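Colleague: coordinates for the following, if possible.
(2 chains, ligands or ions: 2)
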Amino acid sequence: MQVELRILRYDPERDRRPHEESYRVEAGPMDRVLDLLHRVKYEQDGTLTFRRSCGHGICGSDAMLINGRNRLACKIRVDQLGGKRITVAPLPGLPVMKDLVVDMEAFFAKFRSVQPFLVNEGVAPVRERRQSAHDRERFDDTTKCILCAACTSSCPSFWAQPAYVGPAAIVNAHRFIFDTRDDAAEERLEILADKDGVWRCRTIFNCTDACPRGIHITQAILEVSRAIVERHA
Amino acid sequence: MLLRYRGGEGMLAWAFHRIAGVAIWAFILLHVLDIWLVSVNPELYEEVLDIYASPIGRVGETLLGAALFYHALNGLRIIIMDFWPATTRYHKQLWYGVWVIFFIIGLPVAWQIMAPAFGMAQPFDFGL
Ligand code: SF4
Ligand code: FES
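Modeller: Ligands and ions are numbered 1, 2, ... in the order given. This is a model prediction of the structure:
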């Protein structure tokens, strides 16, 4: 069948503001939006610019606004969108560099700000740092993040206040805060207790709905909030 | 962006919460003004009270009550999720629950408030 793909395009060297362009492409129900973007780029307009790498939902490169929601282009199929018209735009709330490519630098800076790595100054064991299955389970959900930014850029609190550290950074802080092998939970909680930290969450759930990995993001944010409140109790 | 993004129940719950909150805030301003009238111009105050008792005023009061009630119920939903983060997995069900309580209690109350202005009997008689 024929599908109409409406893509929000922007070339900083030619356009003053983004504009929509429409493309007709042949598509089957099992095609993913990424396949359609490829078809446009290969057969109709080679200047169409977007990021993608793995093509299988694991690198986090191709999150974009598809039919009004943030999703991975490589994970969402035509039949799931139901309809012959698909709109594609860059992630909301992030500076657009060209077409569907946004500037992720500030997003990654926030990720780095929560120390998303194991901190343990103790003597390293000869072999691995052991942990019970039960303790590992505590933060299992938040290990799945692929840093696609679908969550942070779907968040109205982030749109209103770009300084908000955002769901993705909190998810990755959660992953270490509740890890029994890690020693820097206090520091991370201190960072997230900032006015642009967890308190900007308004439990809107756009992040949870958008996450292509199905992470229960709002739950993770509220668990971190609780840990902040309880830390000196 | 707010209108362009197609959020789910959670985003709607939040949007209504905000709208209701602003409406309540606007009413409190109005209320401060009308109570202030008592001291400076009691006759005008009586006239304002008549507006409140008119059909439009009653509908307005009902909407105010609805805003307060939604804001309170959804506020409880948020408190529940704040204290027990695992309940966020059922945030949609909690929100549907908000609406069930909202209508079961809200509809009879709305009728009670509006009936006099439309010349109907009130469903509940408190002997007032
Ligand atoms: S939490 Fe989910 S939506 Fe957010 S960056 Fe990670 S994978 Fe993407
Ligand atoms: S291309 Fe890697 S996640 Fe979509």
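Colleague: when you work out contacts or count neighbours from here on, use the C-alpha atoms and nothing else.
Modeller: Fine.
Colleague: quick check: buried residues in the lowest-mean-pLDDT helix or strand in chain B?
Modeller: One helix or strand of chain B scores below all others by mean pLDDT, DSSP states H and E: helix B:42-53, with a mean of 91. Buried residues in helix B:42-53, counted by 16 or more other CA atoms under 10 Å in any protein chain shown: B:Tyr45, B:Tyr52, B:Ala53.
Colleague: ok, now how distant is the first one from B:Ile35?
Modeller: So that's B:Tyr45. Between B:Tyr45 and B:Ile35 the distance is 8 Å, computed by CA to CA, to the nearest Å.
Colleague: mind jotting down where the helices sit in chain A?
Modeller: A:33-39, A:78-81, A:105-113, A:133-137, A:156-160, A:166-177, A:185-192, A:206-210, A:217-230 (DSSP state H).
Colleague: coming back round to it: how about the CA coordinates for the least confident helix or strand of chain B, as PDB?
Modeller: What follows is helix B:42-53, C-alpha atoms only, in PDB (Å, rounded to 0.1, in the frame of the first residue of the first chain):
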ATOM      1  CA  PRO B  42     -22.600  46.100  51.700                       C
ATOM      2  CA  GLU B  43     -25.300  46.700  49.100                       C
ATOM      3  CA  LEU B  44     -23.000  45.800  46.200                       C
ATOM      4  CA  TYR B  45     -22.100  42.700  48.200                       C
ATOM      5  CA  GLU B  46     -25.700  41.700  48.300                       C
ATOM      6  CA  GLU B  47     -26.000  42.200  44.600                       C
ATOM      7  CA  VAL B  48     -22.900  40.000  44.000                       C
ATOM      8  CA  LEU B  49     -24.500  37.300  46.100                       C
ATOM      9  CA  ASP B  50     -27.600  37.500  43.900                       C
ATOM     10  CA  ILE B  51     -25.400  36.800  40.900                       C
ATOM     11  CA  TYR B  52     -24.100  33.700  42.700                       C
ATOM     12  CA  ALA B  53     -27.600  32.500  43.300                       C
END
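Colleague: what packs against that helix?
Modeller: helix B:9-40, helix B:55-83 (3 or more CA pairs under 8 Å, 6 or more residues apart in numbering or on different chains; DSSP states H and E).
Colleague: what residues does chain A have near chain B?
Modeller: Residues of chain A found near chain B (CA under 8 Å from any CA of the partner chain) are A:67-69, A:92, A:154, A:156, A:202-206, A:209, A:216, A:218-220, A:222-223, A:226.
Colleague: going through those residues, which ones are buried?
Modeller: With burial judged by 16+ other CA under 10 Å, the buried subset of those is A:67-69, A:92, A:154, A:156, A:203-206, A:209, A:216, A:218-220, A:222-223.
Colleague: how near is the most centrally placed residue in chain A to ligand 1?
Modeller: By CA atoms, centre = their mean, chain A has its centre lying nearest to A:Ala149, at 2.3 Å. As judged by CA to the nearest ligand atom, to the nearest Å, A:Ala149 and ligand 1 stand 4 Å apart.
Colleague: wait, that residue sits on A:Phe107?
Modeller: Yes - in terms of CA atoms under 8 Å, A:Ala149 counts as a neighbour of A:Phe107; the distance is 7.5 Å.
Colleague: quick one, phi/psi of B:Val109?
Modeller: phi -70, psi -40 (degrees, to the nearest 10).
Colleague: how does chain A divide into domains?
Modeller: A:2-102, A:105-232 (automatic domain parsing).
Colleague: want to throw those into a markdown table with mean pLDDT?
Modeller: Shown next, in a markdown table, are the domains of chain A (pLDDT from 0 to 100):
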| stretch | mean pLDDT |
| --- | --- |
| domain A:2-102 | 97 |
| domain A:105-232 | 97 |
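Colleague: got JSON lines for those domains, with distance to ligand 2 too?
Modeller: Below are the domains of chain A laid out as JSON lines (distance: least, CA to the nearest ligand atom, whole Å):
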{"stretch": "domain A:2-102", "distance to ligand 2": "3"}
{"stretch": "domain A:105-232", "distance to ligand 2": "7"}
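Colleague: need the ones you listed in CSV (columns: distance to B:Ala13).
Modeller: Compiled in CSV, the domains of chain A are given as follows (distance: least, CA to CA, whole Å):
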stretch, distance to B:Ala13
domain A:2-102, 17
domain A:105-232, 8
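Colleague: sorry, back to before: JSON lines for the helices and strands packed on helix B:42-53, including mean neighbour count?
Modeller: Compiled in JSON lines, the helices and strands packed on helix B:42-53 are given as follows (neighbours: other CA atoms under 10 Å in any protein chain shown):
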{"stretch": "helix B:9-40", "mean neighbour count": "15"}
{"stretch": "helix B:55-83", "mean neighbour count": "18"}
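Colleague: same list, those, but as TSV with mean pLDDT and distance to A:His56 please.
Modeller: Converted to TSV, the helices and strands packed on helix B:42-53 look like this (pLDDT from 0 to 100; distance: least, CA to CA, whole Å):
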stretch	mean pLDDT	distance to A:His56
helix B:9-40	96	28
helix B:55-83	96	34
